[in-house]
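1. sequence plus predicted model, see below.
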Amino acid sequence: MLKITITETPTETRCILQGRLFGPWVSELRATWKKVSRTRNGRACIVDLNDVTLIDRDGEKLLRAMSKEGAHFLANNLYTKHVLEELKMRGWCGLSGIVASFLTALLLSVIVSGLSARTGSEVRGKGTKHDARTRVNSSNVAHATYSPTPQFRGEEDQDYASRLYRQER
């Protein structure tokens, strides 16, 4: 059940909702909203959701439409605040949402590639003697891959490499 109370002042129209916004009550609020929006005459429209305990998907769609038509919502309980935040996030559709998502993804890829390059140079800069090559993937995790041929540097290493080669034969 949903109770809808409308109060009007010279500066605002206030819709106070109490109960659950679902099923047939969504249609009832939609009809009430149409009447209110026609008679607003430039006044602010405040929708008080403080006493709403449940909002279904159709109710969310209606609240989103009301928001696009200029309604402002009041909510003091965590559930209703969460639903309103979700509506704002889902409202990021269209061209502006796509552009914002693209820019966010681009920024994250630049940050990750910068960290990956820095981590890779730190790993390569160690100069340790070993028979494994090291690579760094995009999640900044170093992986050692087995190399059957040891990597040697300098005269001492070349001497050791030739002795190792002779032992294998």
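-> Happy to help now that I have it.

2. show me the beta-bridge partners of L2.
-> For L2, the beta-bridge assignment (DSSP bridges) gives partners G19.

3. just checking, it touches G23?
-> No: assessed by C-beta atoms under 8 Å, L2 is found out of contact with G23, at 9.5 Å. In this view, the C-beta of every residue, glycine as well, is placed from N, C-alpha and C.

4. those two - which one has more neighbours?
-> More neighbours surround L2 than the other of L2 and G23, with 21 against 12 (other C-beta atoms under 10 Å).

5. please tell me how far that one sits from S67.
-> According to C-beta to C-beta, to the nearest Å, L2 stands 18 Å off from S67.

6. E86 now?
-> Look at E86 and S67: by C-beta to C-beta, they are 12 Å apart.

7. so these two - more neighbours on which side?
-> More crowded of E86 and S67, by other C-beta under 10 Å: S67, with 16 against 13.

8. F73 is in contact with that one, correct?
-> Yes: taking C-beta under 8 Å as the definition, S67 is a contact partner of F73 at 7.2 Å.

9. who are the contact partners of D58?
-> F22, G23, V26 (C-beta atoms under 8 Å, 6 or more residues apart in numbering).

10. let's go with 10 Å and repeat that
-> By C-beta atoms under 10 Å, 6 or more residues apart in numbering, the residues touching D58 are L21, F22, G23, W25, V26, S27, L29, R30.

11. for T9, grab phi and psi.
-> Dihedral pair for T9: phi -130, psi 170, per degrees, to the nearest 10.

12. and the gap between V36 and M1?
-> Going from V36 to M1 by C-beta to C-beta gives 20 Å.

13. name the residue in those two with the higher neighbour count.
-> More neighbours surround V36 than the other of V36 and M1, with 22 against 8 (other C-beta under 10 Å).

14. quick one: buried residues of the helix or strand containing M89?
-> Per DSSP states H and E: M89 is located in helix 78-90. By 16 or more other C-beta atoms under 10 Å, the buried positions in helix 78-90 come out as T80, V83, L84, L87.
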